[in-house]
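A.B. asks: Any chance you can model this:
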Amino acid sequence: MKVLVLGASGLIGSAVAQALVRGGHIVYGLTRTEEKAKKLASEEVIPLIGDVSDTSKWLTSSLISTVDVIITALGHEADLSKVDPKLLVTITKLATESRPSHAPKLTYIYTSGSWLYGQDPNIVLSDTSAVPPAQIPLIAQSRLALEQEIIGSSTLNGIIIRPGCVYGKSGTSLTPLFGQAKEGNIIRWFIPKAGNETGGGRLNTIHTDDLAQLYLLAAEKSQLVGGNVFAAVNDATESVDDILTVLVKISGAKGFEYSVASNPFEAAIASTNIVRPYLARSLLGWRPVKASVVDHLQIYFDAWKASNGKA
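C.D. replies: Down below sits the predicted model:
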């Protein structure tokens, strides 16, 4: 199988590309710089150098006609509300023009996020729960229509993966916390709105290795599971209070406190939803195996420090 990973040197994309290589597949990886391209090549990923917002310099008909799967793992590398729709239009057009009519649909695996499950801490959701748009954080609402366009495409075999808070290895969604975890420092985190400055919420979490395994399985079984939306989270959520308490202890920080979110991004990462995934388990046989953030926080914190020259 030939797979193109967009954002192959990022937090999610690098782990996904490596999992696919270990699975025996031919992997192309888009990255922005020569330095990162050399690193991809050293990991047996065929590098493509370019900016995802300017497809004219790297996305060709010959590439689209030969790959089986495209995976977007762009994270916060770009203004996704503008880049993602344009990228989808371009890939759809090239697939229509260049792929033989008898060929299976080109699989398009889009990385969304667990924010699409809303921000209600009082209900338990699953992969297939219907969430009213008004409950979804403002910063994530633009993805709703795009998700529907992808899984409803007549040209592409669309699959949506919604990761929770990604942790582990050299990169982590917990970087805003880890960066504050210093001896004598106060670690600050957010609450969505005023009224609960003394307590945090809960996080849907997933280790980068477990997440990469889900992408591998989805890609390999894509012709069977197209049109599905997978919640990429552990079976249990984690308490922000617990994470902060342990982080203070292992880092020597003075303590932690909460403040009201000052922008849509802070409000989104502070939101709580409780998702119990089942679809990837039942359709793909996926089983997250890594320890939770709290249970192995010392290991994850040390890995982050080492990879960022802070050990």
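A.B. asks: tell me the SS of the nearest residue to Ile49 once chain neighbours are set aside?
C.D. replies: In space, and not counting its chain neighbours, Ile49 is closest to Ala37: 5.2 Å by CB to CB, 6 or more residues apart in numbering. For every residue, glycine as well, the C-beta is placed using N, CA and C. Three-state assignment for Ala37 (DSSP: H, G, I helix; E, B strand; the rest coil): helix.
A.B. asks: Let me see the contact set for Ala37.
C.D. replies: By CB atoms under 8 Å, 6 or more residues apart in numbering, the residues touching Ala37 are Thr31, Pro47, Leu48, Ile49.
A.B. asks: Hmm, the first one is touching Ala8, no?
C.D. replies: Yes - between Thr31 and Ala8 there is a contact at 5.6 Å, judged by CB atoms under 8 Å.
A.B. asks: between the two, who's got more neighbours?
C.D. replies: Ala8 (31 against 27; other CB atoms under 10 Å).
A.B. asks: State the pLDDT value of the more buried one.
C.D. replies: pLDDT, Ala8: 95.
A.B. asks: quick one: it from Ile46, how far?
C.D. replies: 10 Å (CB to CB, to the nearest Å).
A.B. asks: anything in contact with each of the two?
C.D. replies: Between them, Ala8 and Ile46 share the contacting residues Val27, Tyr28, Gly29, Leu40, judged by CB under 8 Å, 6+ apart.
A.B. asks: would you turn these into a markdown table with secondary structure and neighbour count?
C.D. replies: What follows is the shared contacts of Ala8 and Ile46, written out as a markdown table (DSSP: H, G, I helix; E, B strand; the rest coil; neighbours: other CB atoms under 10 Å):
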| residue | secondary structure | neighbour count |
| --- | --- | --- |
| Val27 | strand | 27 |
| Tyr28 | strand | 21 |
| Gly29 | strand | 32 |
| Leu40 | helix | 26 |
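A.B. asks: right, and out of these, which lies closest to Lys290?
C.D. replies: Distance to Lys290, by CB to CB, is smallest for Val27 among these, at 22.4 Å.
A.B. asks: right, and the closest one touches Val3 too?
C.D. replies: Yes - with contacts counted by CB under 8 Å, Val27 reaches Val3, the gap being 5.3 Å.
A.B. asks: hey, what's in contact with both of Thr31 and Ala8?
C.D. replies: Leu40, Pro47.
A.B. asks: immediately after the top helix by length along the chain, which helix or strand?
C.D. replies: Of all segments of type helix in the chain, defined using DSSP state H, the longest is helix 80-98. Per DSSP states H and E, the first helix or strand lying C-terminal to helix 80-98 is strand 106-111.
A.B. asks: chain center to that next one, what's the gap?
C.D. replies: Its chain's C-alpha centre and that of strand 106-111 lie 13 Å apart, by CA atoms, centre = their mean, to the nearest Å.
A.B. asks: How about residues contacting that strand?
C.D. replies: Contacts for strand 106-111 (CB under 8 Å, 6+ apart): 12, 64, 67-75, 84, 88, 91, 95, 99, 146-147, 150, 153, 155-161, 163, 215, 218-219, 222-223, 226.
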